[in-house]
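Participant: Compute the structure for the input listed below.
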Amino acid sequence: MADSPTVYIETYGCQMNVSDSELMLGRLAEYGYRAVDVPDGADVILVNTCAIRDHAEQRVLGRIGELKRHMKASTVLGVTGCMAQRLGPRLLERAKHVDLVIGPDGYRALPSLIESARNGERVAKVDFDLEEHYEDFRARRVDGVSAWIPVQRGCDYKCTYCIVPTTRGPERSRALDDVVRETRETVAEGITEITLLGQTVNSYNDGTNDFADLLQAVGSVPGLRRLRFTSPHPNDFSERVIEAMATTGAVCEHVHLPMQSGSSTTLKRMLRRYSREEYRECVARLRAAIPGLALTTDIIVGFPGETEEEFAETLEMVSEIGFDDAFTFKFSAREGTPATRLPESWTISDEVASERLARLILAVRSGTRTINLGMLGERHEVLVEKLSRRGTLLQARTRHHRTVLIPGDESMIGRYLMAELTGTTGSTFTGAVVPTRAALPMAG
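Facilitator: Numbers count the residues shown, from 1 in each chain. Below you'll find the predicted structure:
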């Protein structure tokens with residue numbers, strides 16, 4: 001074992017990148033590689049990257065430079081993922097110590113490309129493969145409590161700010177039977193919570209089955225206790241999908257529903273394909289079907305042309321809808337996206353965008369705190385995930401995706417417990433474990 005070649009993967013970006021890193025680790029394990037937790041002296045170092053915002057790319061470029069000091073003479077350094085796809089051979093020119101540049105559809109060739117790099121060949125593999133779903137790969141899970149299962153790759157929506165269609169190609173869905181098979185295998189390993197992944201996951205369609213069929217089939221796998229999915233698009237919540245969510249017991253009462261803006265005019269410039277009224281109506285249908293639904297979102301400020309009045313409409317929607325939480329961002333122009341071709345006079349200064357972001361964060365945090373204070377004293381089933389950053393508490397999560405810190409030790413990781421919510425910081429809860437027969441170990 002000690003003589004096995006070692007691989008270190010550093011992952012940036014979304015859950016799909018985490019899943020892709022697990023696929024790469026699984027692929028390399030088949031070829032005798034052993035995963036390590038630090039880059040120092042690793043035979044292979046892979047940086048799995050994100051391209052969604054310029055800040056993410058600059059951070060990765062800096063990190064690639066830092067990794068030089070961790071490499072030995074024979075180390076192969078590769079850059080994978082969306083940034084690799086976007087920059088391609090240009091990345092080899094910018095960073096002379098990088099040996100490989102591999103896009104999201106190129107991981108099948110990873111072992112052979114590493115061998116080529118050992119022989120001095122620097123390669124960029126960024127072709128799209130519209131048939132590639134890595135069905136025969138066995139992911140090496142980095143989390144023993146919850147699992148990501150990709151069901152869809154690529155995106156057809158082409159929002160004007162988004163680089164994903166360029167970096168991950170057009171939308172294509174896995175066969176339902178393959179997703180169910182992987183779910184069964186994952187549950188057999190002792191993992192009873194899974195999250196289905198897709199760029200617009202609820203537009204899933206394998207040619208025969210839609211997302212409602214997928215939820216029902218996966219939710220029926222024996223031993224599965226919690227089923228989540230991310231990220232959906234508001235336009236793809238058909239009545240069939242909402243009914244499947246409401247009637248499939250494993251589906252958790254939480255939806256991450258990207259809004260991006262609360263202004264219809266801004267949404268039109270973004271090419272989101274819905275208005276504020278249609279987003280509001282989607283929320284109403286979801287909440288009517290699933291009582292107590294927790295709702296989180298994504299919001300961008302400073303999109304080209306955004307007026308103060310349009311931003312005020314976003315604040316109004318945040319207050320009206322009452323999100324449980326939100327990921328908030330300043331607009332970041334990405335090379336090759338339609339938003340870069342909007343009139344320069346529409347550009348929002350960083351000073352204005354930063355000020356709007358600060359106001360938005362304040363509004364979101366205020367709403368979250370109000371919701372959470374109203375929940376104190378409630379009891380919820382939690383799944384213990386890991387030690388908290390404080391080290392003296394455990395991090396657990398409710399079906400509604402709320403984080404609860406509880407006392408305990410590592411032996412409790414992976415267990416379902418009942419917790420009473422005793423306090424809140426505004427974003428997370430503290431809780432006390434309530435003795436109950438519901439405190440069961442995970443299956444397997």
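Participant: Let me see the contact set for Leu130.
Facilitator: Taking Cβ atoms under 8 Å, 6 or more residues apart in numbering as the criterion, Leu130 is in contact with Gly154, Gly169, Pro170, Arg172. C-betas here are computed from N, CA, C, even on glycine.
Participant: Which entries within those meet the buried criterion?
Facilitator: Of the members of these, the ones counted as buried by neighbours, 16 or more other Cβ atoms under 10 Å, are Gly154, Gly169, Arg172.
Participant: Among those residues, which lie within strands?
Facilitator: Arg172 (DSSP state E).
Participant: quick one: which of the buried ones among the contacts of Leu130 is nearest Ile321?
Facilitator: Checking those against Ile321 with Cβ to Cβ, the nearest one is Gly154 at 29.1 Å.
Participant: Domain map for the protein?
Facilitator: Per automatic domain parsing, the structural domains of the chain span 6-125, 146-373, 379-434.
Participant: Need the ones you listed in TSV (columns: mean pLDDT).
Facilitator: Conversion of the domains of the chain to TSV gives the following (pLDDT from 0 to 100):
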stretch	mean pLDDT
domain 6-125	92
domain 146-373	97
domain 379-434	94
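Participant: so which of those domains comes closest to Glu135?
Facilitator: Distance to Glu135, taken as Cβ to Cβ, is lowest for domain 146-373 among the domains of the chain, at 5.3 Å.
Participant: How far does the closest one stretch from one end to the other?
Facilitator: Length of domain 146-373, first residue to last, Cα to Cα, to the nearest Å: 28 Å.
Participant: cool, and stretch 115-129?
Facilitator: This stretch, stretch 115-129, spans 22 Å end to end (Cα to Cα).
Participant: Also stretch 141-152?
Facilitator: The first and last residues of stretch 141-152 sit 19 Å apart, counting by Cα to Cα.
Participant: Distance from the chain centre to that stretch, please.
Facilitator: Between the centre of stretch 141-152 and the centre of its host chain there is 11 Å, according to Cα atoms, centre = their mean, to the nearest Å.
Participant: next one: stretch 387-406
Facilitator: In terms of Cα atoms, centre = their mean, the centre of stretch 387-406 is found 19 Å from the chain centre.
Participant: So what touches that stretch?
Facilitator: Surrounding stretch 387-406, the residues in contact under the criterion Cβ under 8 Å, 6+ apart are 226, 228, 252-254, 292-294, 296, 324, 372, 375, 380-386, 407-410, 412-413, 417, 419, 421, 427-433.
Participant: Convert the C-alpha atoms of whichever helix or strand Pro165 is part of to CSV, please.
Facilitator: Pro165 is part of helix 164-168, with elements assigned from DSSP states H and E. Extracted C-alpha coordinates of helix 164-168, given in CSV (Å, rounded to 0.1, in the frame of the first residue of the first chain):
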residue,chain,number,x,y,z
VAL,A,164,-22.1,26.7,-17.5
PRO,A,165,-23.4,26.0,-21.1
THR,A,166,-19.9,26.8,-22.3
THR,A,167,-18.0,24.8,-19.7
ARG,A,168,-20.4,21.8,-19.3
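Participant: looking just at contacts, which helices and strands does that helix meet?
Facilitator: In terms of contacts (3 or more Cβ pairs under 8 Å, 6 or more residues apart in numbering; DSSP states H and E), helix 164-168 is packed against helix 82-87.
Participant: Can you name the residues in contact with the helix it packs on?
Facilitator: By Cβ under 8 Å, 6+ apart, the surrounding residues in contact with helix 82-87 are 13, 17, 49-52, 56-57, 60, 91, 94, 101-104, 124, 126, 163-164, 166-168, 335-336.
Participant: Any chance of the buried ones among the contacts of Leu130 in CSV with distance to Thr368 as columns?
Facilitator: What follows is the buried ones among the contacts of Leu130, written out as CSV (distance: Cβ to Cβ, whole Å):
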residue, distance to Thr368
Gly154, 32
Gly169, 36
Arg172, 36
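Participant: now, which of the buried ones among the contacts of Leu130 sits nearest Glu313?
Facilitator: Nearest to Glu313 among the buried ones among the contacts of Leu130 is Gly154, at 31.1 Å by Cβ to Cβ.
Participant: Now do the helices in the stretch 101-250 of the chain.
Facilitator: Applying DSSP state H, counting those that start in this stretch to the stretch 101-250 of the chain gives helices spanning 110-118, 164-168, 176-188, 211-219, 239-247.
Participant: on that earlier part again, may I ask which two of the contacts of Leu130 are separated the most?
Facilitator: For the contacts of Leu130, the maximum inter-member distance is 8.0 Å, found between Gly169 and Arg172 (Cβ to Cβ).
Participant: List only those of the contacts of helix 82-87 flagged as buried.
Facilitator: Restricting those to buried positions leaves 13, 17, 49-52, 56-57, 60, 91, 101-104, 124, 126, 163-164, 166-168, with burial counted as 16+ other Cβ under 10 Å.
Participant: Can you flag which of the residues you listed belong to strands?
Facilitator: Thr49, Val101, Ile102, Ala124.
Participant: Now flag whichever of those residues is closest to Glu131.
Facilitator: Distance to Glu131 across these (Cβ to Cβ) is lowest for Ile102, with 17.3 Å.
Participant: dump the residue contacts of that closest one.
Facilitator: Gly78, Val79, Thr80, Ala84, Ala109, Leu110, Leu113, Ala124, Lys125, Val126.
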